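J.: The amino acid sequence is not available; the structure is as follows:
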């Protein structure tokens, strides 16, 4: 709901539980008024008449109070907008008008030939903000154009939550006190990155179930930056957008415009758990395509075969996958070009004639005949120097003239900012998806930008933004032409996970680390912002030869992966009949609980910090609990689990134990008997009776 004051200078956006309010002063200064519990328009108008703080020497009355601080004038905080022309640098804008369309609000400002529009939209209790910059005058340079600045209420003792990591250890949650100055996270790698997810949360005394939490998440899949600053007067602001530094984002010629990514914000008074559930519901409702559909159980061939693949061998794996209940069979790397290792073939997206003499069609038909969907792996943004594409178009990659072209994984990055590169990839991928009945594409991105140059372009710096915009345009075009094909975002695991790519893909590959114990911490952090509906998780072989050599039971591996979108990635031809039978039982159980896991409300009952950890998913009258015993000392009892969000007046039957629980359910006996020793796991289903 959007409310506007009679004089048209105070605006309040409200959701079911929260409100967001801004006010324009008579001097055309746009001030932040309120972000928090729901308020009425009259409350916002009362806030608007409060005087600014008394002037103090060497301080600004606007700092920490402006809604979108620009560079220039009496401001010293980090600017969200920094503009440079031939004559000057900075912005001196004037308000022009506001526009409203339902619950959408647009505030229009102008500085000479530059039109600046601030966009607001309330999605339930998530506020979406972004900015459009249209140049109607002489050419100018956008040094920085952030999507939003978020201002928090005056509090003491703010604490910052963030997700950090590296390859194979992504999305690890850390919380630390916020101190004076600035805390900056981001990526200067050209993609979202394994090191940080573009999300932060701030609180003063919140727990999993209680307390106020303010969160912000950026929808951008390239280089990015979020800065959290505690100002000298203790006020806190969060500023974020595309690009890591201020060296130049884009050059806007006359008639050109730039729209920032969305920077979404959420306030919750139900602790970190309620904040996560609100983020999940928002993404399922407004971000992820076809989120109401169940994601299928998949098998991926990579860990079973790596590059050594053939049509016959893939068929043998497909038969075993179908027998245990798999619904989607995916051929990973090695099916195309001269791809017998990571040294050749990227860029040549036609089936290898020695491995697939009649193309992918016969294998896809065979997989469909087994009752499964068929998927493939691609890495369109990359090219091997040993490829037909690179030999024909060496100028299509990112490179700096006169400098060595850095190779990671024996590959270079194609410049998707170029229209001819995008058109080539469209033709290759459209032909591929037309040539065989393909249902799913795993889209990978296995290296960072290093030599981000574009010789001959008037403003080569723009490729940092335009590569991502080119990626989005290509994905949008493919999805429109092939609406039945699902896409997964992968970047060496979790290197490209954000609201921007999630608006164009059906799920993401969470991490290349498939060790089930390591995955508990990764999935715990991932769940702070993203829903299980998009979190792909595989059961692979034991010992885990890909990473750490750890031995774990098939039970533990399955229950760990069942917390998201279940997949299998082991070499099924080496599994015993007993293992295959057990796997079939787990797959069947997952299909029963899948509606709860992928579409239900998540409650993190105990974090994966050692000992017992558990999560709960609830949907309607059904609840499922996944529990893992990571370690148990001699004589140490398994602690009880108190479940959340159940009707205190109702009774619930646990299908695994037959016990009937009244009111707030406390699982204890079933846990104690179902979990024994290190690396054990259990599933408990409860139904209201």
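T.: Perfect, thanks for sending it. None of the values given here were measured: they were computed from a predicted structure.
J.: Please count neighbours and contacts with C-alpha atoms only from this point.
T.: Will do.
J.: And the helices in the stretch 1-150 of the chain?
T.: 41-48 (DSSP state H, counting those that start in this stretch).
J.: low-scoring stretches of this protein, by residue?
T.: 634-635, 677-678 (pLDDT under 70).
J.: Please go through it and pick out the longest helix.
T.: If you go by DSSP state H, the chain has its longest helix at helix 577-599.
J.: in its sheet, what does the next helix or strand after that helix sit against?
T.: Using DSSP states H and E, the helix or strand that follows helix 577-599 in sequence is strand 601-606. Sheet partners assigned to strand 601-606 using DSSP bridges are listed as strand 612-619 (antiparallel).
J.: now the strand it pairs with and helix 577-599, what's the angle there?
T.: 60 degrees (axes from the mean of the first three to the mean of the last three CA atoms, to 10 degrees).
J.: buried ones in strand 612-619?
T.: 612-618 (16 or more other CA atoms under 10 Å).
J.: Same check on stretch 447-460?
T.: Buried residues in stretch 447-460 (16+ other CA under 10 Å): 447-454, 459-460.
J.: Kindly indicate which of the residues you listed lies nearest residue 468.
T.: Each of the buried residues of stretch 447-460 was scored against residue 468 by CA to CA, and residue 449 proved nearest at 11.9 Å.
J.: Let me know the secondary structure of the closest one.
T.: Assigned by DSSP: H, G, I helix; E, B strand; the rest coil, the conformation of residue 449 is coil.
J.: quick thing: my sequence starts at 25, can you match it?
T.: Got it, first residue is 25 now, which makes that one residue 473.
J.: Tell me who's in contact with it.
T.: Applying CA atoms under 8 Å, 6 or more residues apart in numbering to residue 473 gives the contacts 213-215, 437.
J.: what's the closest of those to residue 575?
T.: Of all those, residue 575 sits closest to residue 215, with 33.4 Å by CA to CA.
J.: wait, what's in contact with that closest one?
T.: Counting by CA under 8 Å, 6+ apart, residue 215 touches 245-247, 472-473, 519-520.
J.: could I get those residues as JSON lines with distance to residue 68 and secondary structure?
T.: Listed next are the contacts of residue 215 as JSON lines, based on distance: CA to CA, whole Å; DSSP: H, G, I helix; E, B strand; the rest coil:
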{"residue": "245", "distance to residue 68": "35", "secondary structure": "coil"}
{"residue": "246", "distance to residue 68": "37", "secondary structure": "coil"}
{"residue": "247", "distance to residue 68": "36", "secondary structure": "coil"}
{"residue": "472", "distance to residue 68": "46", "secondary structure": "coil"}
{"residue": "473", "distance to residue 68": "46", "secondary structure": "coil"}
{"residue": "519", "distance to residue 68": "41", "secondary structure": "coil"}
{"residue": "520", "distance to residue 68": "39", "secondary structure": "coil"}
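J.: What segments of the stretch 325-474 of the chain are strands?
T.: For the stretch 325-474 of the chain, the strands defined by DSSP state E, counting those that start in this stretch cover 352-355, 397-402, 406-407, 436-437, 464-467.
J.: ok, now the stretch 175-324 of the chain?
T.: Using DSSP E, counting those that start in this stretch, the strands of the stretch 175-324 of the chain run over 183-188, 196-201, 205-211, 220-227, 237-242, 248-254, 260-266, 274-276, 281-283, 287-292, 322-324.
J.: Out of these, which one sits most buried?
T.: When these are scored by mean count of other CA atoms under 10 Å, the highest mean neighbour count falls to strand 322-324 (a mean of 28).
J.: Give the other helices and strands that it contacts.
T.: On a contact count with 3 or more CA pairs under 8 Å, 6 or more residues apart in numbering; DSSP states H and E, strand 322-324 meets strand 352-355, strand 589-592.
J.: Kindly spell out which helices and strands sit in contact with the last one.
T.: If you count contacts as 3+ CA pairs under 8 Å, 6+ apart, strand 589-592 packs onto strand 322-324, strand 559-563.
J.: Parallel or antiparallel, list what pairs with that strand.
T.: Using DSSP bridges, strand 589-592 pairs in its sheet with strand 322-324 (parallel), strand 559-563 (parallel).
J.: can you pull the buried residues of stretch 427-441?
T.: The neighbour-count check on stretch 427-441 (16+ other CA under 10 Å) flags 429, 434-441 as buried.
J.: what's in contact with it?
T.: The contact list for stretch 427-441 (CA under 8 Å, 6+ apart) reads 366-368, 370, 405-409, 420-423, 445-446, 470-471, 473-475, 478, 487, 490-495.
J.: Filter those residues down to the buried ones.
T.: Listed as buried from the contacts of stretch 427-441 are 367-368, 370, 405-409, 420-423, 445-446, 470-471, 473-475, 478, 487, 490-495; burial here means 16+ other CA under 10 Å.
J.: Tally up the residues packed near the nearest residue to residue 390 once chain neighbours are set aside, please.
T.: Here the nearest residue to residue 390 in space, its sequence neighbours aside, is residue 339; by CA to CA, 6 or more residues apart in numbering that works out to 7.5 Å. By other CA atoms under 10 Å, 17 other residues sit near residue 339.
J.: I'd say residue 339 and residue 387 touch.
T.: Yes - the criterion here is CA atoms under 8 Å, and residue 339 meets it with residue 387 at 7.0 Å.
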